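Chemist: Sequence plus the predicted model coming up.
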Amino acid sequence: MMAPPLPLTDWPEYFPFLGRFLRSPRTVGALAPSSKWLARAMVVHVGQPSTPANPVRPVRIVELGAGTGAFTREIVERLGSGDRFLVVDVEPGFIECLRRRWPHVECVCASAATLPALLGERQIGPVDHIVSGLPFASLPAETTRQILDAVGKTLRRDGTFTTFQYVHSYGLPRAVAFRREMNALMGSTPSLQFVARNLPPAFALSWTNRRADPARPD
Ligand SMILES: C[S@@+](CC[C@H](N)C(=O)[O-])C[C@H]1O[C@@H](n2cnc3c(N)ncnc32)[C@H](O)[C@@H]1O
């Protein structure tokens, strides 16, 4: 029997998400939650079997800009025992919703720019995987700069940073500049996966950090 097709967005979460977009368009940065197709492309590195680059469990995973949890759900399904998973979003309404859906997951209402302090308070060492749903295309440039600084301070060598860019804005100067900054920060270029079944279609981009391990978080 054929599996039913997956929808282009998470319809039960669509209206709450849209409501928050209408109140804070630059912060939410999208009209609809990501589809399961995009979510699966975003978590390819989470839950992978051990390799020299990803040697042993437990792994430390951070999700930035979780919204209603399109990526969170996929990450939770891939967690192993002892793994640490921290979810960060700046919108209190989204965090409430995430805590209701996954009471066992640590969800914190804060800016992604404060990631080094958030990890330090929880004694979580350099992170293996950062999955970001942050709307870099609409965030103020200074906020993006602070967040990338936080990523550079917390992602371990050979750890991964995964984000997405919508196809219609992929060639815009801001999106190109963002990729250039990430290339410099990670010392690598991203792998790219095109996801047609999303509203709107998007690329999932994943960098592996070739820079030295960061110092322990503040
Ligand atoms: C485009 S939505 C993505 C939501 C979800 N990951 C998805 O793909 O459906 C962007 C999310 O980033 C959050 N956000 C925006 N700026 C942030 C910041 N500085 N720190 C943490 N979260 C932020 C918004 O509240 C929103 O939930």
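Modeler: Good, I have the coordinates.
Chemist: what about the helices in the protein?
Modeler: Counting by DSSP state H, the chain has helices at residues 11-23, 25-28, 36-42, 70-78, 92-101, 115-121, 141-154, 173-186.
Chemist: so what secondary structure elements neighbour the second one?
Modeler: Contact partners of helix 25-28 among helices and strands, from 3 or more C-beta pairs under 8 Å, 6 or more residues apart in numbering; DSSP states H and E: helix 11-23. Heads up, the C-betas are built off the backbone N, CA and C, glycines and all.
Chemist: Which elements pack onto the helix it packs on?
Modeler: Partner elements for helix 11-23 (3+ C-beta pairs under 8 Å, 6+ apart): helix 25-28, helix 92-101.
Chemist: and the nearest residue to residue 150 once chain neighbours are set aside, how many neighbours does it have?
Modeler: Distances taken as C-beta to C-beta, 6 or more residues apart in numbering place residue 115 nearest to residue 150, at 4.1 Å, with adjacent residues excluded. Counted with other C-beta atoms under 10 Å, residues neighbouring residue 115 total 28.
Chemist: Residue 115 reaches residue 60, doesn't it?
Modeler: No - assessed by C-beta atoms under 8 Å, residue 115 is found out of contact with residue 60, at 11.8 Å.
Chemist: and the longest strand along the chain, how far from the chain's centre?
Modeler: For the chain, the longest strand by residue count, based on DSSP state E, is strand 155-166. When distances are taken as C-alpha atoms, centre = their mean, to the nearest Å, strand 155-166 is centred 8 Å away from the chain's centroid.
Chemist: That strand packs against which elements?
Modeler: Using 3+ C-beta pairs under 8 Å, 6+ apart: strand 155-166 touches helix 36-42, strand 127-132, helix 173-186, strand 202-208.
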